Each structure stands twice: as C-alpha cells, then as structure tokens.
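# have a look; sequence and predicted model below, questions after that.
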Amino acid sequence: MTDTKAVEFVGHTAIVVFGASGDLAKKKTFPALFGLYREGYLSNKVKIIGYARSKLDDKEFKDRIVGYFKTKNKGDEDKVQEFLKLCSYISAPYDKPDGYEKLNETINEFEKENNVEQSHRLFYLALPPSVFIPVATEVKKYVHPGSKGIARIIVEKPFGHDLQSAEELLNALKPIWKEEELFRIDHYLGKEMVKNLLAFRFGNAFINASWDNRHISCIQISFKEPFGTEGRGGYFDSIGIIRDVIQNHLLQVLTLLTMERPVSNDPEAVRDEKVRILKSISELDLNDVLVGQYGKSEDGKKPAYVDDETVKPGSKCVTFAAIGLHINTERWEGVPIILRAGKALNEGKVEIRVQYKQSTGFLNDIQRNELVIRVQPNEAMYMKLNSKVPGVSQKTTVTELDLTYKDRYENFYIPEAYESLIRDAMKGDHSNFVRDDELIQSWKIFTPLLYHLEGPDAPAPEIYPYGSRGPASLTKFLQDHDYFFESRDNYQWPVTRPDVLHKM
Ligand SMILES: NC(=O)C1=CN([C@@H]2O[C@H](COP(=O)(O)OP(=O)(O)OC[C@H]3O[C@@H](n4cnc5c(N)ncnc54)[C@H](OP(=O)(O)O)[C@@H]3O)[C@@H](O)[C@H]2O)C=CC1
Ligand SMILES: O=C1O[C@H](COP(=O)(O)O)[C@@H](O)[C@H](O)[C@H]1O
C-alpha cells in the first residue's frame with residue numbers, strides 16, 4: 001500500500017468527530033481543526049459534525065469547545081465565528097442506527113447542495129477503545145460513501161490493552177476498514193522535534209557518522225509531567241504509565257531515533273524500517289525496570305495518587321517507570337537505552353538525551369559529549385561539547401552548539417501535533433501514523449512486562465513525592481545503564497564567565 005496516489009480531501013469535505021462531548025475532542029481535536037482553519041489549511045467549504053450521546057444543542061456544544069481554540073493574530077476572533085458556523089452537533093447513541101442514518105442524511109444533503117461529485121468523508125473516533133469497534137462498524141454500514149467516494153477513519157490510542165486485545169481490535173477492524181482508510185494516531189508523531197528526527201539524522205553527515213555503538217554510550221528518552229491524574233484516575237488506573245505513554249509515544253520516538261535509513265521517503269519505506277528496528281529490540285528483562293507511584297508532595301499540599309477519589313483504594317498502579325532495553329543490531333549492540341516516564345514530577349518536559357563515550361588522549365578533565373533534543377517545552381537541540389577556555393588558560397570548559405527554535409526561527413507556523421496529523425490524514429499521508437504490524441510489535445515488546453507488573457510477583461511501586469524527580473533510586477538506575485552524571489563545575493549556562501576557572 002502506498003500513498004503516492006492518495007487523494008487530498010480539499011473543498012467540500014465532511015468531517016465527523018465521534019465522542020465530541022469528550023476531553024480529547026474539546027482539548028485537542030476541535031482546537032486542531034480550528035488551528036488548520038485559522039492558518040488556511042482547512043477551507044470554509046467543509047462541514048464539521050460533532051457526534052456523541054450527551055444531550056447538547058448546537059450552542060451548548062460550541063460553548064464547550066470554543067474555550068480551547070488558540071487565536072494568535074488580529075482577525076482570528078472573526079475566524080472563530082466563521083469556523084463555528086461550519087460546525088454542528090448530533091446527539092445520538094453509538095449502538096443504534098438512527099443517529100448514523102441521520103448523520104448520513106445530513107452529509108448527503110451537504111454534498112448534494114454543493115454538487116459534490118466524489119464524496120470525501122473523514123471520521124475521527126475521539127472515543128475510549130471500548131467503543132471503537134461498534135462505532136467503526138456502524139459508520140461503515142451507514143455513513144461510508146462506498147463507491148461514491150473516499151472515507152478515512154482516525155482512531156486514537158491506546159490501540160488495545162495488551163497484545164491479545166490489540167490483535168482482537170485489528171482483526172475486528174480489518175474486515176470493515178481497509179488499511180489505507182485507517183489512520184491510527186499517536187500524536188507524538190505529529191510533534192515538530194519528532195518529525196525532524198529523520199532529517200536531523202540522515203541529513204547531517206557528522207551526526208550520522210557517529211550514530212552508533214562505537215561512539216554512543218547510552219540513550220535516554222524522558223517524559224515528565226508536573227501534574228497527577230487529577231480526576232482521570234478512572235481511565236489511568238486500569239492502564240498505568242507504560243500503556244499511557246511508553247508503549248506508544250516514547251517507543252515511537254525510539255524507532256525514529258534508532259531505525260536504519262529508509263530506502264525512500266515513501267511512507268511504507270519509513271514504516272518498514274520502524275517495524276524492522278522494533279523487531280530488533282530484545283525481550284525486556286523483567287528486573288530491568290524501576291516503577292514508582294506518586295505520594296503526597298513534601299509540603300503535603302499535593303495529593304498522593306491513591307488520594308484521587310477516582311482511583312481504587314490501595315491501587316498499585318504505576319505512575320512512573322524507567323525501563324532499560326537493548327536493540328540487537330550491529331549499530332546498537334551494547335548501548336543501554338532507557339525509556340522513562342512519570343506523572344506528578346518536578347517539571348513538564350519531554351527530551352531525548354544521547355550521551356557519547358568518553359574521549360581519550362592528552363586532554364584532562366574532558367567531559368562526554370551529550371546531544372539533547374528537547375521535544376517540549378521550548379523546542380531545541382543542543383550538543384554539549386568541550387572547548388578551550390578563551391584567553392590565556394589551557395583548560396577546557398563545557399559549552400554547547402545550540403539550536404533553540406524560538407530564537408533561530410522567526411514567525412513560523414509550527415502546527416500543533418494534532419493539526420499536523422489531521423492535515424496528513426486529509427492528504428491521505430500515512431507517514432506519521434501507526435501501521436498494524438508496528439502496533440503488534442510494540443505490544444509484543446511490552447505485554448510480558450505489563451503482565452509481570454500486574455501479576456502476583458509484581459514489585460511494589462516505589463513511592464516518590466509529588467513534585468520530585470521521581471523515585472529516589474532513579475539516579476542509580478541511570479548510572480547502572482552507563483549514564484554518567486558529569487560534574488557541572490566547568491559548565492555555566494547560558495553564559496560562561498572567567499570565574500568558571502575558579503571552580504575547576
Ligand atoms: N484526553 C487526552 O488528553 C488524550 C486522550 N487520548 C485518547 O483519546 C480517546 C478519547 O479520550 P477522552 O476524550 O479523554 O475520553 P472521554 O472519556 O472524554 O470520552 C470521550 C467521549 O466518549 C464517550 N464515552 C466515554 N466513555 C464511554 C463509554 N464507556 N461508552 C460509550 N461512550 C463513551 C463520551 O461521550 P458521550 O457520553 O457524550 O457519548 C465522552 O465524552 C481515548 O482512547 C484516549 O486514550 C489520546 C491522547 C490524549
Ligand atoms: O496520550 C497521552 O498524552 C498526554 C501527553 O501529551 P502531550 O502532547 O501533552 O505531551 C498525556 O498527558 C496523557 O496521559 C496520555 O494519554
């Protein structure tokens with residue numbers, strides 16, 4: 001399957017958001033559609049329909065979503081009103097034909113009024129996985145344009161709960177929707193710094209030349225959030241941090257960071273290499289994992305995870321995990337890789353940290369090079385390197401080659417992840433979506449560990465204070481994976497001054 005012949009949905013396109021009354025729909029999906037409209041990537045010829053069970057009239061629905069729209073420039077407020085005129089809402093159940101028949105009639109009317117010759121219909125399932133199949137089945141039955149046009153369906157993570165349920169989900173969807181119609185979204189694949197990884201790696205000879213186990217000592221990918229589950233405990237308690245962000249978001253980042261160069265930029269060539277590297281990840285060592293759960297903050301002002309009333313009492317749910325893994329390829333053999341993620345930590349940040357091996361030779365006190373790619377906040381890439389102290393000294397200090405996007409790029413529209421991905425789906429471009437074999441491979445990697453952590457021999461999660469760096473044993477875990485904590489005596493940021501010498 002290739003997308004080269006993919007038809008772009010332009011002009012009179014029907015966009016339907018199922019679960020329109022929900023959290024994702026109001027915080028991400030509709031704001032992304034508005035963002036595309038605001039930037040001119042979505043025409044005013046589209047018809048956007050929210051669909052959910054909740055009893056809302058059009059005004060109540062619009063009031064619910066508009067608060068999350070981002071307006072940047074003068075005139076954007078007018079665009080908000082224009083956009084809202086394109087939106088409507090249908091309140092109907094997911095398991096009965098009436099709502100879908102009404103939806104189909106509404107779209108047919110829209111297409112007839114506008115003399116649409118080829119129907120273009122995009123369906124976004126902003127729904128919990130438990131509802132995917134019934135809705136996908138009914139949509140195919142009642143709202144798919146069939147031979148009169150093209151339909152595409154975007155489904156959200158988590159795709160399943162483990163390997164078995166993921167296979168069941170795929171097998172249930174396969175007879176209904178063709179792979180080229182299916183867009184499994186992992187919004188991390190829409191983030192700017194993640195989309196940049198292949199260009200960065202394969203577009204720069206000096207990076208590619210050292211991108212292997214001869215030069216790199218260890219790789220860390222970190223996800224940190226400064227807030228807890230805050231009311232989403234009902235959702236989170238049954239999945240935990242590994243299913244919530246590691247098995248999907250961080251693993252996607254790892255594939256792009258470590259895969260071999262694709263034979264072309266064709267979406268399938270890229271995804272072939274992603275699957276290939278996933279298949280090279282060794283079986284996880286069930287003991288090579290650190291798990292934690294956040295407790296009250298040290299000042300007692302922030303609640304423990306188990307204080308969340310939506311969490312079952314005594315829950316052992318894992319809100320922090322650091323997982324060590326290895327990739328068995330010639331390029332990465334022997335390089336420890338750490339995926340770590342946590343809720344209720346001391347900051348909000350997602351970053352890739354590649355630590356290089358120690359340089360040797362005549363220079364003393366040389367520190368290891370480190371490449372840091374900050375996915376968010378404040379997108380940046382910087383390489384920490386050694387340099388002679390300017391002036392009469394022969395000592396070296398650590399400095400960096402720094403590409404901070406907000407300083408280096410001016411007035412660029414950097415799409416939000418969901419804006420970027422919805423636009424890709426409208427173009428029929430699968431490059432930044434999850435393919436079925438990729439999904440299966442990701443669950444094959446993590447399912448045994450999840451069963452272990454949720455089984456009778458599960459280690460008790462280490463309690464860490466809300467607002468801390470995470471479990472106290474994290475530092476040792478990182479050191480045990482060849483991550484070297486360098487002295488900061490000869491590193492001053494953002495400016496190095498002569499007094500740096502006094503500390504050395
Ligand atoms: N929220 C987020 O930040 C993110 C969410 N996701 C994923 O997106 C999907 C939707 O997430 P989110 O919007 O938070 O989910 P919600 O719990 O807000 O559900 C969305 C809507 O689905 C309907 N719904 C909820 N539960 C059921 C049910 N058991 N049976 C039938 N309908 C139900 C409700 O609409 P109504 O009752 O009106 O029909 C609800 O408003 C999930 O798969 C989630 O993993 C992915 C990334 C981030
Ligand atoms: O999928 C999810 O991602 C969000 C984090 O997304 P981000 O773009 O804000 O980094 C996370 O908060 C949520 O728990 C998870 O379901």
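All right, it came through fine. Bear in mind the structure is a predicted one, so any value in this text is a computation, not a measurement. Ligands and ions are numbered 1, 2, ... in the order given.
# wait, what's in contact with Tyr68?
Tyr68 is in contact with Lys26, Lys27, Phe30, Pro31, counting by CB atoms under 8 Å, 6 or more residues apart in numbering. For the C-beta atoms, the positions are set from N, CA and C on the backbone; glycine is no exception.
# if we use 7 Å, what do you get?
Lys26, Lys27, Pro31 (CB atoms under 7 Å, 6 or more residues apart in numbering).
# and what of Leu290?
Contacts of Leu290 by CB under 7 Å, 6+ apart are Ala321, Ala322, Pro471, Ser473, Leu474, Phe477.
# could you dump these into CSV with neighbour count, pLDDT and distance to Tyr418 added?
Shown next, in CSV, are those (neighbours: other CB atoms under 10 Å; pLDDT from 0 to 100; distance: CB to CB, whole Å):
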residue, neighbour count, pLDDT, distance to Tyr418
Ala321, 26, 98, 25
Ala322, 24, 98, 28
Pro471, 23, 98, 32
Ser473, 14, 97, 36
Leu474, 20, 96, 31
Phe477, 19, 95, 33
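# pull the most distant pair out of those residues.
Across the contacts of Leu290, the longest distance by CB to CB is 12.5 Å; it joins Ala321 and Ser473.
# can you tell me the SS state at Pro262?
coil (DSSP: H, G, I helix; E, B strand; the rest coil).
# ok, it to ligand 2 distance?
In this view, Pro262 and ligand 2 are 25 Å apart by CB to the nearest ligand atom, to the nearest Å.
# using the three-state scheme, assign the residue in the chain that ligand 2 sits nearest to.
Using CB to the nearest ligand atom, the single residue of the chain nearest to ligand 2 is Asp244, 4.8 Å away. Three-state call for Asp244 (three-state DSSP): helix.
# chain neighbours aside, what residue packs nearest to it?
Once flanking residues are discounted, Asp244 sits nearest to Phe236: 6.5 Å by CB to CB, 6 or more residues apart in numbering.
# would you agree the one you found is in contact with Thr229?
Yes: between Phe236 and Thr229 there is a contact under CB atoms under 7 Å: 4.5 Å.
# now Val131. Nearest residue, chain neighbours left out?
That would be Tyr94: by CB to CB, 6+ apart, it lies 5.8 Å from Val131.
# right, and the helix or strand after the helix or strand that contains Phe30?
Using DSSP states H and E, Phe30 maps to helix 30-38. In the C-terminal direction, the helix or strand that comes right after helix 30-38 (DSSP H and E) is strand 47-52.
# run through who's touching the helix or strand following that next one.
Per DSSP H and E, the first helix or strand lying C-terminal to strand 47-52 is helix 58-66. Residues outside helix 58-66 that contact it (CB under 7 Å, 6+ apart): Ala20, Lys26, Phe30, Gly50, Val80, Leu84, Cys87, Ser88, Tyr89.
# now do the helix holding Phe30: which elements does it pack against?
helix 76-85, helix 417-427 (3 or more CB pairs under 7 Å, 6 or more residues apart in numbering; DSSP states H and E).
# as JSON lines, those with distance to Leu36 and mean pLDDT would be great.
Below are these laid out as JSON lines (distance: least, CB to CB, whole Å; pLDDT from 0 to 100):
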{"stretch": "helix 76-85", "distance to Leu36": "10", "mean pLDDT": "96"}
{"stretch": "helix 417-427", "distance to Leu36": "5", "mean pLDDT": "97"}
